[in-house]
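Student: Structure, please.
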Amino acid sequence: MQLGDNDIVIYVGGNITDLQNKMAQAKSITAATSASMATTFNRAMRSVSDTMRRTGNTLVGAAGAASIGVVYPITRIASTIFDTGKEFDLLSQKTVSVFDLMGRSVNDVREDLQQFAYDLAGSTMFTANEIMESMYSMAQAGMQ
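Tutor: Presented below is the predicted three-dimensional model:
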């Protein structure tokens, strides 16, 4: 039998007490080292857990303040923009309903009126909604 580089050879003689003592000592050292490492790891994990909990509480508190100070105004602005767009859409529908289409499709006339209102609002002090309301009044009066 040939021995390789990674082979371990143990010569067993009549007295293996020394080997048993060394194995018991290695087992004891390994157990102590493992217990020490586990204790250190548990302390580190507790510390990380506490830090994450404190950070989470801080973030939750900050998010609560942010939601009142930042998110609420943004929500109100978005809601106002949506409501304004919805109102403009309804006004354009009303205007087209009383408008003489002169053979054109409802969507074409509506798009033209909306574009006219947007263009005029960009160059005057009136909003597109106010312009569309005026066009609705004029269409009701028969002005085309």
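
Student: Can you find the helix or strand of the protein with the lowest average pLDDT?
Tutor: Ranked by mean pLDDT, DSSP states H and E, the weakest helix or strand in the chain is helix 17-66, scoring a mean of 71.

Student: Tell me the helix or strand right after that helix.
Tutor: Moving toward the C-terminus from helix 17-66, the next helix or strand (DSSP states H and E) is helix 72-98.

Student: Mind listing what's buried along the following helix or strand past that next one?
Tutor: Next along the chain after helix 72-98, taking DSSP H and E as the criterion, comes helix 106-123. For helix 106-123, a neighbour-count test (16 or more other Cβ atoms under 10 Å) marks 109-110, 113-114, 117, 120-121 as buried. Yep, even glycine has a C-beta here, placed from its N, CA and C like the rest.

Student: and helix 106-123, what's its mean pLDDT?
Tutor: The average pLDDT for helix 106-123 rounds to 88.

Student: what's the answer for stretch 132-144, then?
Tutor: When pLDDT is averaged along stretch 132-144, the result is 84.

Student: Give me the contacts around it.
Tutor: For stretch 132-144, contacts defined as Cβ atoms under 8 Å, 6 or more residues apart in numbering pick out 88, 91-92, 94-95, 98-100, 102, 113-114, 116-117, 126.

Student: do stretch 119-130 as well
Tutor: With contact meaning Cβ under 8 Å, 6+ apart, stretch 119-130 is reached by 84, 87-88, 91, 114, 117-118, 131, 134.
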